[in-house]
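Peer 1: 3D, please:
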Amino acid sequence: MLHAPHRRQFLKTAALATASVASGVLAQEKPIETLVRQDIGVDVLFPRDRVPLSFIIDDSTCLVNMGRFCMPQFAEAWPDRAIYKKPWRTWPTEIPDAFVREFGEWCGERGVKGKYSVVPNPALVGWLDRELPGWSRRELQDSLKLVRELMLPNWDIHPEMITHTRVIDLKTGKAIPEISPATMENSFPQERKSVDEMAAYLAYALRILKNCELPCEGVTTPGGFGNAVKSELSRAVQEAVRDVYHVEIPHYFKYVSDGEESTEPKLEHVSGLGTNDLQLTVNVPAGTGDWFGGWDGDEMSQGERYANREATAGRMVELIEQHRPAVMLCHWPGMYTHGTKAGFHQFRQVVTALEERFRDQTVWMKVSEMARYWAAKGLTEIRCDTNVISLKAPFAAPNFTLRIAAPTSATPRMTSDGKVMALKEAASHADLAAGRWWRDKEGVMICFDLPRGDTTIQL
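Peer 2: Below is the predicted model of the structure:
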């Protein structure tokens, strides 16, 4: 996401389908506007009753410093914009794999998870599944291998469309000759496009990464890509990701939720409920701006805007304290910060501060893990009958967590597909994890790996 014509808009991403569950007396039904029945008396909590954290990284790829190579192309498309008249020739051409390794290893040691873009043809420099002029074939292959071995499995890989700059003619594989806002991915399309047309463009990008042996469950939009066709884009994500990767729950990142807007993932274009062909798209928003060094890596990093050293102030602190999903956003050139790594240093301070204060209240998740959890949260049927809760889940979901209004003496027992699922009482709320339950004044919390299909809980 580099230099959208109006930058990434802080838009309210209203849910097309969400499921919120109220506590109360067993066997009373929720309002009928929800897509599936979820009886009152059971709350679907966050995983392990912890606030999900994630880190979305845009404008990353193999070796190419997108800040430098994108800038002259944006300047030609928008010649009157001062923001594109920066001294890009003085910037590094490469963000080296040594930095990717340093970043990935540090995050791996601390369990940090999120999304890492890999632009398939970064700023028209070259195709990642073919050649990358300026680097040897061995350097390109080693860079892809590093992403596969180090960034996976803690990071989702997304294409950020095909080039992040010029629109590609899918028939020729070349950039459209005209250079204008209408032919830049950050403002494409500027006229109506069908779902099929948008899906074809996304699928082209996805196939390049598939050729690179990189798994993808979603996509990231570059800047204003799809602003004129938001509904079609969402459906196109569903079609393209399912077609290329046969993914069960496609998702995408486009929006930033500002202020009091919901930061929870949104379920869109849900169809096929009650059948073996349930389809949907999950829209996962970020909850912060980019304050780690800017889109080009040339700005002063302001890590305290995410969290100060004591984790007593900052947007991430605000979200955690309000028990809202807290997803940070940055751009890869801002992490590298022209070789000073100033953004990365401040990122480490932020993560360390959050860990020290909120260790027992948060859990790091990939974007795809959040998408899966919210799909299960919103589409699992929950029926209550006296002391029996019956779940019918269209999707499996790890660490699925329920709070059940129940007598203080109740001890939960769980079965699925006729088999007993072992449950153990947690030593504390912080100890709540899959296969454990914990009692508080509001009832019983149960955390378990939700299987697809039928599950029964008896109290």
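
Peer 1: Helices of the stretch 301-450 of the chain, start to end?
Peer 2: In the stretch 301-450 of the chain, the segments counted as helices under DSSP state H, counting those that start in this stretch are 315-321, 332-336, 342-358, 367-379.

Peer 1: Show me the contact partners of stretch 227-244.
Peer 2: 9, 187, 189-196, 198-203, 206-207, 210, 216-219, 221, 225-226, 247, 250-252, 254, 268-269, 279-281, 283 (C-beta atoms under 8 Å, 6 or more residues apart in numbering). Quick note: C-beta positions are derived from backbone N, CA and C, even for glycine.

Peer 1: do that again at 7 Å, thanks
Peer 2: 189-190, 192-195, 198-199, 202-203, 206-207, 210, 216-219, 226, 247, 250, 252, 268-269, 279, 281, 283 (C-beta atoms under 7 Å, 6 or more residues apart in numbering).

Peer 1: do stretch 334-350 as well
Peer 2: Outside stretch 334-350, the residues that reach it (C-beta under 7 Å, 6+ apart) are 91-92, 95, 99, 103, 106, 290, 292-295, 297-298, 301, 303, 306-307, 309, 316, 330.

Peer 1: next one: that stretch to chain centre, how far?
Peer 2: 21 Å (C-alpha atoms, centre = their mean, to the nearest Å).

Peer 1: do the same with stretch 93-111
Peer 2: The answer for stretch 93-111 is 19 Å, by C-alpha atoms, centre = their mean.

Peer 1: in it, what counts as buried?
Peer 2: 94-95, 97, 99-100, 103-104, 107 (16 or more other C-beta atoms under 10 Å).

Peer 1: Stretch 153-167: end-to-end distance?
Peer 2: 31 Å (C-alpha to C-alpha, to the nearest Å).

Peer 1: element containing the closest residue in space to Glu76 that isn't next to it in sequence, please.
Peer 2: Nearest non-adjacent residue to Glu76, counting by C-beta to C-beta, 6 or more residues apart in numbering: Ile179, 5.2 Å away. Assigned by DSSP states H and E, Ile179 belongs to neither a helix nor a strand.

Peer 1: tally of neighbours for Ile179?
Peer 2: 16 (other C-beta atoms under 10 Å).

Peer 1: Surely it and Ala77 touch.
Peer 2: Yes: using C-beta atoms under 7 Å, Ile179 is in contact with Ala77, at 5.6 Å.

Peer 1: burial of the closest residue to Glu299 other than its chain neighbours, as a residue count?
Peer 2: Leaving out its chain neighbours, the residue that sits closest to Glu299 by C-beta to C-beta, 6+ apart is Gly293, at 5.6 Å. Other residues near Gly293 come to 31 when the count uses other C-beta under 10 Å.

Peer 1: for Gly293, phi and psi?
Peer 2: Dihedral pair for Gly293: phi 130, psi 0, per degrees, to the nearest 10.

Peer 1: The lowest-mean-pLDDT helix or strand in the chain: partners in the sheet, and parallel or antiparallel?
Peer 2: Lowest on mean pLDDT, DSSP states H and E among the helices and strands of the chain sits strand 419-421, with a mean of 89. Strand 419-421 has these partner strands in its sheet, going by DSSP bridges: strand 413-416 (antiparallel).

Peer 1: For the partner strand, list every residue counted as buried.
Peer 2: 414, 416.

Peer 1: Also stretch 168-185?
Peer 2: In stretch 168-185, counting by 16+ other C-beta under 10 Å, buried: 168, 175, 179, 183-185.
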